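>>> sequence first, then the predicted structure, then my questions.
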Amino acid sequence: MLSLTQKLNQQQKLTPQQLQYLKLLQLSAIALEQRVKEELEINPLLEESDQSDTDSSAEQTDSTEGSEREELDWEEFSPQDAYDNYKSAGSGGTRDENSQDIPQPAEQTLAEALLEQLRMQILTEDEVALAEEIIGNIDADGYLRRKLNEIIEDLNRFIVETNGSNRVTSLSSGKTDPSFASYDQRFAEQPFGRERLNLPNEPRLHTATGEKEEEVVEEAATAITQNEPPIRTIADLTLEEMASLPIEELARILERGTLQTPEQISTPTNLSADLTREGQNGYPPKEEGLFTLEDGERILHIIQRLDPPGMGARDLRECLMIQLEVSENNSPAHNLAYRVLGETYREFTMKHFEKICRRLECSEEELRDAVDIITSLNPKPGEGYSSIIGGNYLTPDFVVERDGDTFVISGNDSFIPALRINQGYQEMLQRGKRKANGVDNNTRKFLRQKMESAKWFIASIHQRQQTMMKVMRAILELQTEFFRHGQDHLKPMIYRDVAERIGMDISTICRVVNGKYVQTDYGVFELRYFFSEALETAWGEEVSNKVVKGKIKELIDHEDKSKPLSDEAIGEQMKEMGYNIARRTVAKYREQLQIPVARLRREL
């Protein structure tokens with residue numbers, strides 16, 4: 001049986017304006033700047049304004065205010081305010097027109113540095129293709145995280161697939177492998193990695209000499225058949241001999257580089273000429289035109305000895321040992337360091353120095369010298385090139401400066417431009433309300449929607465700035481001793497303390513402090529840093545747990561590294577200082593500080 005009933009209920013929902021305000025509130029300084037740029041792009045009624053535009057617009061508005069009020073009925077559209085010259089107040093003024101972006105120097109990426117050195121090696125096109133394929137899999141730290149056999153299998157699979165479809169790919173077609181899309185534009189016109197295997201059968205140049213490889217091989221073979229002496233290189237000549245040689249012959253020797261005999265000359269097909277040989281060193285027989293794991297190990301060995309040494313290592317142990325190999329240092333401490341990594345690496349990582357001394361039959365002094373050499377090596381050889389990606393800089397949202405006994409809070413919002421409603425579109429909207437003005441309904445609807453969106457966006461930014469300033473003032477009032485004397489005077493504080501002080505919800509406080517930073521006389525801190533739990537001391541005073549963590553770190557920094565303090569010993573010393581914390585609490589705080597256990601902190 002059908003029936004009609006009426007039901008009355010209440011629901012609380014957030015308006016679009018409130019949702020927009022909450023989203024803007026939790027944005028960081030850099031994210032808000034990007035959000036403003038996006039809004040300026042999608043909303044034609046929003047525009048940036050400087051102070052001169054604001055003043056002139058205000059004078060024009062005062063002179064025409066009376067006539068516009070007689071002609072137009074603005075109550076239908078904006079019953080609360082007139083937005084003739086509405087702009088984002090409190091935006092810190094306009095941008096400094098004299099400020100310019102600091103030009104960044106041209107830097108070389110990690111891949112570029114390796115490829116530049118690789119092109120100076122005596123390699124064929126196929127070998128260069130394999131080397132570039134390996135370099136493309138090296139991460140920012142300089143390690144080859146992917147297994148070498150997987151790289152070889154992937155490259156061989158590509159060769160088989162392209163051979164089956166008469167592989168010849170045009171380098172200008174724009175179809176490049178996405179794995180190499182991150183490399184600099186300067187190498188975009190050159191074949192990279194597997195692209196070299198797609199080139200038509202044209203004479204290829206030797207990577208070191210610049211001559212055609214077929215000509216180099218033919219010349220060397222002719223020298224053998226005629227029983228001529230090995231080809232002379234630049235390394236075989238003295239300064240007197242170089243001065244006596246004809247210019248043409250000297251130029252030919254310089255172009256040839258360091259090639260001496262035909263055995264040192266690689267042919268274009270050296271990776272596929274020996275197709276029928278059986279596997280060597282445990283590797284399977286080589287199939288026609290495909291790479292083997294032996295080829296990959298040989299090319300990887302070359303890459304690992306490039307500068308910086310250790311690039312392409314598969315683990316930390318291999319990286320350090322390669323650096324010791326290329327250092328060409330034959331001192332006893334250097335040789336012992338190499339043995340420590342090669343024979344007792346596990347004991348070294350566990351700091352079992354007594355076991356290392358017994359196994360390698362060395363004294364503690366000799367082991368100390370070897371450990372000093374190991375610790376001086378670079379565990380991340382590719383880290384020096386990470387600046388090309390761009391550093392992560394903190395942009396503080398507030399700056400707290402001390403002025404005598406008081407503090408001044410400045411909002412660092414100069415990156416947010418002053419926004420206003422575009423005067424031309426505003427006049428167009430006003431003309432649209434008149435009859436027979438030629439403006440269709442769709443245009444009026446579009447302008448009305450964009451006008452409301454611009455108004456809400458400007459108001460949301462203004463409200464965001466006011467809310468953040470209220471929270472920052474409350475934090476300053478509750479943590480005055482911190483701003484006066486430093487981190488040791490941080491007081492315990494929770495979100496509820498600030499929420500009750502400014503009359504806002506705890507969730508709003510969480511949105512404000514997350515990802516926002518303040519610059520003080522003692523450094524730049526995230527606003528969340530000022531919130532911490534309380535611990536009671538022996539004399540009944542409550543202190544922040546961050547202060548206790550600082551005391552624990554101070555004890556560990558000043559401990560005897562030959563006999564580091566255990567968690568229990570740290571707890572006993574903390575109790576003597578008046579902080580009643582258990583051993584488990586010490587261990588928890590130590591782990592939060594990312595400090596290893598006592599055994600791993602030990603030094604010789």
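Cool, got the structure.
>>> show me the shaky parts of the chain.
For the chain, applying pLDDT under 70 flags the ranges 1, 50-106, 163-240, 242-243, 247-248, 250-252, 254-289, 386-392, 432-439.
>>> tell me where the chain has strands.
Ranges of strands within the chain are 46-48, 398-403, 406-411, 419-421, 517-520, 523-526, 534-536, 542-544, based on DSSP state E.
>>> any idea which of those is most buried?
strand 419-421 (a mean of 23; mean count of other CB atoms under 10 Å). Where you see a C-beta, it was placed from the backbone N, CA and C, and this is true even at glycine.
>>> quick one: Arg298 and Ser49, what's the gap?
Here Arg298 is placed at a distance of 65 Å from Ser49 (CB to CB, to the nearest Å).
>>> which of the two has more residues huddled nearby?
Ser49 (20 against 13; other CB atoms under 10 Å).
>>> ok, the more buried one to Gln449 distance?
From Ser49 to Gln449 the distance is 22 Å (CB to CB).
>>> how does this protein divide up, domain by domain?
16-92+396-517, 110-277+284-304, 316-380, 532-601 (automatic domain parsing).
>>> could you report the neighbour count for Leu476?
As a burial measure, Leu476 scores 18 neighbours (other CB under 10 Å).
>>> that one against Phe483, yeah?
Yes - between Leu476 and Phe483 there is a contact at 6.4 Å, judged by CB atoms under 8 Å.
>>> joint contacts of the two?
400, 407 (CB atoms under 8 Å, 6 or more residues apart in numbering).
>>> residues contacting Lys351?
599-600, 602.
>>> buried among those? Need that as a selection in PyMOL.
Buried residues within the contacts of Lys351, by 16 or more other CB atoms under 10 Å, are selected in PyMOL with:
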select buried, resi 602
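>>> pick the one among the contacts of Lys351 closest to Glu38.
Glu38 lies nearest to Leu600 out of the contacts of Lys351, by CB to CB, at 47.7 Å.
>>> measure that closest one to Lys37 for me?
Look at Leu600 and Lys37: by CB to CB, they are 47 Å apart.
>>> what about Lys551, neighbour count?
Residues near Lys551, counting by other CB under 10 Å: 19.
>>> make that Gln449, sorry
Gln449 is flanked by 12 other residues according to other CB under 10 Å.
>>> go on, the one 10 residues further on?
Applying other CB under 10 Å, we find 18 residues neighbouring Ala459.
>>> show me the contacts for it.
Ala459 sits next to Gln17 when contact means CB under 8 Å, 6+ apart.
>>> go with 7 Å
By CB atoms under 7 Å, 6 or more residues apart in numbering, the contact set of Ala459 is empty.
>>> and the gap between it and Phe398?
For Ala459, the distance to Phe398 (CB to CB) stands at 22 Å.
>>> and if you look at Leu476?
The gap separating Leu476 from Phe398 is 9 Å, by CB to CB.
>>> need the residues touching each of those two.
Overlap of the contact sets of Leu476 and Phe398 (by CB under 7 Å, 6+ apart) consists of Ile409.
>>> what's the local residue count around Thr162?
Neighbourhood size, Thr162 [other CB under 10 Å]: 15.
>>> contacts for stretch 464-476, please.
Residues contacting stretch 464-476 (CB under 7 Å, 6+ apart): 21, 24-25, 90, 397-398, 400, 407, 409, 411, 413, 483, 498, 501-502, 508-509, 512-513, 516, 518, 527, 530.
>>> filter the residues you listed down to the buried ones.
21, 24-25, 397-398, 400, 407, 411, 413, 483, 498, 501, 508-509, 512-513, 516, 518, 527, 530.
>>> quick one: contacts for Ser532?
Ser532 makes contact with 490, 492-493, 544-546 under the criterion CB under 7 Å, 6+ apart.
>>> Gly382: which of those is nearest?
For the contacts of Ser532, the residue nearest Gly382 by CB to CB is Lys546; the value is 34.9 Å.
>>> show the contacting residues for that closest one.
Contact analysis of Lys546 by CB under 7 Å, 6+ apart lists 490, 532.
>>> next one: it from Ile552, what distance?
As judged by CB to CB, Lys546 and Ile552 stand 11 Å apart.
>>> what number of residues are in the vicinity of Glu39?
Glu39, neighbours per other CB under 10 Å, totals 17.
>>> what sits closest to it if chain neighbours are left out?
In space, and not counting its chain neighbours, Glu39 is closest to Phe457: 5.6 Å by CB to CB, 6 or more residues apart in numbering.
>>> give me every residue that touches the one you found.
Applying CB under 7 Å, 6+ apart to Phe457 gives the contacts 20, 39, 46.
>>> need the residues you listed in TSV (columns: distance to Leu316).
Formatted as TSV, the contacts of Phe457 follow (distance: CB to CB, whole Å):
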residue	distance to Leu316
Gln20	49
Glu39	47
Leu46	53
